[in-house]
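> Sequence and predicted structure are below.
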Number of protein chains: 2
Amino acid sequence: MSTRMDFGQPVVDCDIHATVPSIEALLPYLSDHWREYIRTSAFKGAVDTAYPPNAPTTVQPGMPKPDGSLAQIQQQVLDPWNVEVGILNCTYGIDGLHNPDTAAAMASAVNDWLIAEWLDKEPRLRASVVVPTRVPEMAAREIDRVGAHPGFVQVLLPVRSEAPYGHRRYLPIFEAAVRNNLVVSLQFGGSPGNPPTGSGWPSYYLEEYVGMAQVFQTQVLNLVVEGVFDRFSDLRLALVESGWTWLPSLMWRIDKDWKGLRREVPWNTQVPSAYIRERMRLSLQPVDAPDEPKHLLQIIDQLGSEDLLMFSTDYPHWHFAEPEQALPIGLSPGLRRKILRDNARAFYQL
Amino acid sequence: MSTRMDFGQPVVDCDIHATVPSIEALLPYLSDHWREYIRTSAFKGAVDTAYPPNAPTTVQPGMPKPDGSLAQIQQQVLDPWNVEVGILNCTYGIDGLHNPDTAAAMASAVNDWLIAEWLDKEPRLRASVVVPTRVPEMAAREIDRVGAHPGFVQVLLPVRSEAPYGHRRYLPIFEAAVRNNLVVSLQFGGSPGNPPTGSGWPSYYLEEYVGMAQVFQTQVLNLVVEGVFDRFSDLRLALVESGWTWLPSLMWRIDKDWKGLRREVPWNTQVPSAYIRERMRLSLQPVDAPDEPKHLLQIIDQLGSEDLLMFSTDYPHWHFAEPEQALPIGLSPGLRRKILRDNARAFYQL
């Protein structure tokens, strides 16, 4: 597969993965204490299993494996795809670390590594702040520590979590994001320790992968009905690698049931779908695409807004066999432009 | 609201709720031991919270509350809706009982109560076998005990469970269902003890209610990829009160990811959506309906089969304000007939 695609215009790529190549890459950004701890203990950094390195959902056959270098991202994404702004998401598995001080130290190291090795070297890049999600107060401190850097545009939360993110324990994270004018993003993956389904542990990676859509659905519902968007009128939420063909039916279901049960959640001043359409945006890839292109256009119409989708390559997790498949077929020119660039520029205030 | 609806033809109603009115109703079907246990201990039978009795999702305002009588079901559903066959689902919360012998005794009592008080008195009724799902071998024994009664057409499993139902521990239930030529149904609700989401406990009943769709999605995926349908070529699965507008996007997502990861599940001989379309059927109500009727027709088209939907009133949980809303608007006459009657007759071999 060629990795070159000329859309005839610059694009904003909302999901490029920066991968910590090894613990050595982070050592310069850790204190003496943590360097010694890593050298002398069994702990060698977080283990992220969201993307088994050789799974077909990670890298298409025949594609080079990411070596974690800026040069590779420049050569394989930024240049050939005419990326005006690319947002780096580093899914280093901080949330799998149960020692809160370790988690905080590793998150800080990743953020400082992102600044030094990526943001300060390549003006086309932006990035998401990595935080120790298990201890929201420490996450808020990390957001305040680096949030003023112009390269950071959002806070990354793994979509899997111990409790739904609308629970009040997580409020400090949203407060800090809003205080620093950052988007909050829910990102595919996470290693909170609890099962990723409402019926316990599934057996196969296929289930974890497909089932991540259900976890996104749970979080979207919870964040709306807990009133997080009512509390923070400037909060913006990005769903990254969530898929989105499930969104219309979810909005129908939530709106319908909310009408019957809304006295439970009196802080909601509008129907749930209104919060979703106003405050949430979704990365384009991966598309859970039907065989018939017309069905995909029906879903896009059912979304009820042309503002919701933001282009992404999900590099290096190419989900399309050919670059032409990176966009749905049959978009109107106006919607095509919005998806490729305008929606993300407005949402991230680029 | 009137409860009368003339569709111009008889219908099969796949989801009528029979409610155990109180523990006294079951005493005649329990042994001396359990009668004494109930009289002298704090245990007064299962507690089912799937439908809080006054929630708007349970009974529409102004509608009479179900008194648990056959006469009421005859007067409110069977007669006025011209129901040729109605399938009783009793969601008595057996799965919330952690003492396996208690669970088995209560399940047997419910089934014998269904036979004596309902099936043997009203030839239009069929019912689902209630089983102690936590101990599949005991569930299988109960299925074998009553499965030959002509009134039983399926086995009822609450969709929420401790582990996905495709796990091998549950095989005895599917074996027994197939051995007795019964459909297996996944039914809204359940009280397994574990959280109903992949991110822990939600805060509101609204979330449990909306989120049940995600639990159905998890089970559908798991049952297919674990190979349960490959193992049992005669297995039929009904999804009851699951909603179904989420099904097209789920099929797209599973099929796509399955193509990349199917070497994990080599027993699958066809794409997951083929198992769903061939072996699964879904009750019509509740419909997670969009504002625009055309969107609902698009979803019905995206299902890719006219055989999947089976009419249901979900009595007494009316989800529609007027009887005319019991069916989607704009169905072709052929599809209307299939949904109202033919699909269920074929599936349940009525």
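Yep, it's here. Numbers count the residues shown, from 1 in each chain, chains lettered A, B, ... in the order given.
> Kindly report the residues of the stretch 51-200 of chain A close to chain B.
Proximity of the stretch 51-200 of chain A to chain B, by C-beta under 8 Å from any C-beta of the partner chain, involves residues A:55-57, A:159-167, A:192, A:194-200. Just so you know, the C-beta spots here come from the backbone N, C-alpha and C atoms, and that holds for glycine as well.
> can you give me the strands in chain A?
In chain A, the strands defined using DSSP state E lie at A:11-17, A:83-89, A:125-130, A:152-158, A:183-187, A:237-240, A:280-283, A:309-310.
> Columns mean pLDDT and mean neighbour count on top of those, output as TSV?
TSV is the format used below for those (pLDDT from 0 to 100; neighbours: other C-beta atoms under 10 Å in any protein chain shown):
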stretch	mean pLDDT	mean neighbour count
strand A:11-17	97	26
strand A:83-89	98	23
strand A:125-130	98	26
strand A:152-158	98	26
strand A:183-187	98	26
strand A:237-240	98	26
strand A:280-283	98	25
strand A:309-310	98	28
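> In CSV: these, plus distance to residue B:231.
Converted to CSV, these look like this (distance: least, C-beta to C-beta, whole Å):
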stretch, distance to residue B:231
strand A:11-17, 38
strand A:83-89, 40
strand A:125-130, 44
strand A:152-158, 35
strand A:183-187, 36
strand A:237-240, 36
strand A:280-283, 37
strand A:309-310, 40
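> Where does pLDDT dip in the stretch 151-300 of chain A?
By pLDDT under 70, the stretch 151-300 of chain A has no low-scoring segment.
> Surely residue A:121 is in contact with residue A:69?
No: counting by C-beta atoms under 8 Å, residue A:121 sits too far from residue A:69 to count as a contact (10.9 Å).
> before we move on, the earlier item: when you filter the residues of the stretch 51-200 of chain A next to chain B down to buried only, what's left?
A:55-57, A:159-167, A:192, A:194-200 (16 or more other C-beta atoms under 10 Å in any protein chain shown).
> tell me which residues in stretch A:321-334 are buried?
A:323, A:325-328, A:331.
> By pLDDT, give me the weakest of the residues you listed.
Taken together, the buried residues of stretch A:321-334 show their lowest pLDDT at residue A:323, with 76.
> Distance of it relative to residue A:79?
14 Å (C-beta to C-beta, to the nearest Å).
> One more: residue A:93?
Note on residue A:93: its distance to residue A:79, by C-beta to C-beta, is 30 Å.
> which of those two has more neighbours?
Higher neighbour count among residue A:93 and residue A:79: residue A:93, with 20 against 13, using other C-beta atoms under 10 Å in any protein chain shown.
> from what I can see the more buried one touches residue A:47, true?
Yes: contact criterion C-beta under 8 Å: residue A:93 and residue A:47 qualify, at 5.9 Å.
> Overlap in contacts, the two.
residue A:191 (C-beta atoms under 8 Å, 6 or more residues apart in numbering or on different chains).
> quick one: buried residues of stretch A:335-345?
For stretch A:335-345, the neighbour count (16+ other C-beta under 10 Å) marks A:335-344 as buried.
> what's the burial count for residue A:100?
Count around residue A:100 with other C-beta under 10 Å applied: 13.
> Could you show which parts of the stretch 251-350 of chain A are in contact with chain B?
A:252-254, A:256-258, A:260-262, A:264-265, A:286, A:288-290, A:295, A:298-299, A:301-302.
> same thing but 7 Å
By C-beta under 7 Å from any C-beta of the partner chain, the residues of the stretch 251-350 of chain A that approach chain B are A:252-254, A:256-258, A:260-261, A:264-265, A:288-290, A:295, A:298, A:302.
> Mark which of the residues you listed are buried, thanks.
By neighbour count, with 16+ other C-beta under 10 Å, those hold A:252-254, A:256-258, A:260-261, A:265, A:288-290, A:295, A:298, A:302 as buried.
> Farthest out from the centre of chain A, which residue is that? Tell me.
Computed with C-alpha atoms, centre = their mean, the residue of chain A farthest from its C-alpha average is residue A:40, at 33.6 Å.
> Tell me how far that residue lies from residue A:34.
Separation of residue A:40 from residue A:34 (C-beta to C-beta): 11 Å.
> now residue A:316
29 Å.
> When those two are compared, which one has more neighbours?
A side-by-side neighbour count of residue A:316 and residue A:34, using other C-beta under 10 Å, places residue A:316 first with 22 against 19.
> so what's the more buried one closest to, chain neighbours aside?
Sequence neighbours aside, residue A:66 is the residue nearest to residue A:316 in space, at 4.4 Å (criterion: C-beta to C-beta, 6 or more residues apart in numbering or on different chains).
> What's the local residue count around that neighbour?
When neighbours are counted by other C-beta under 10 Å, residue A:66 registers 19.
> can you check the one 3 residues further on too?
Counted by other C-beta under 10 Å, the residues lying close to residue A:69 total 13.
> again, but for the one 4 residues further on
Burial of residue A:73 is recorded as 27 neighbouring residues (other C-beta under 10 Å).
> show me what contacts it?
Residue A:73 makes contact with A:16, A:315, according to C-beta atoms under 7 Å, 6 or more residues apart in numbering or on different chains.
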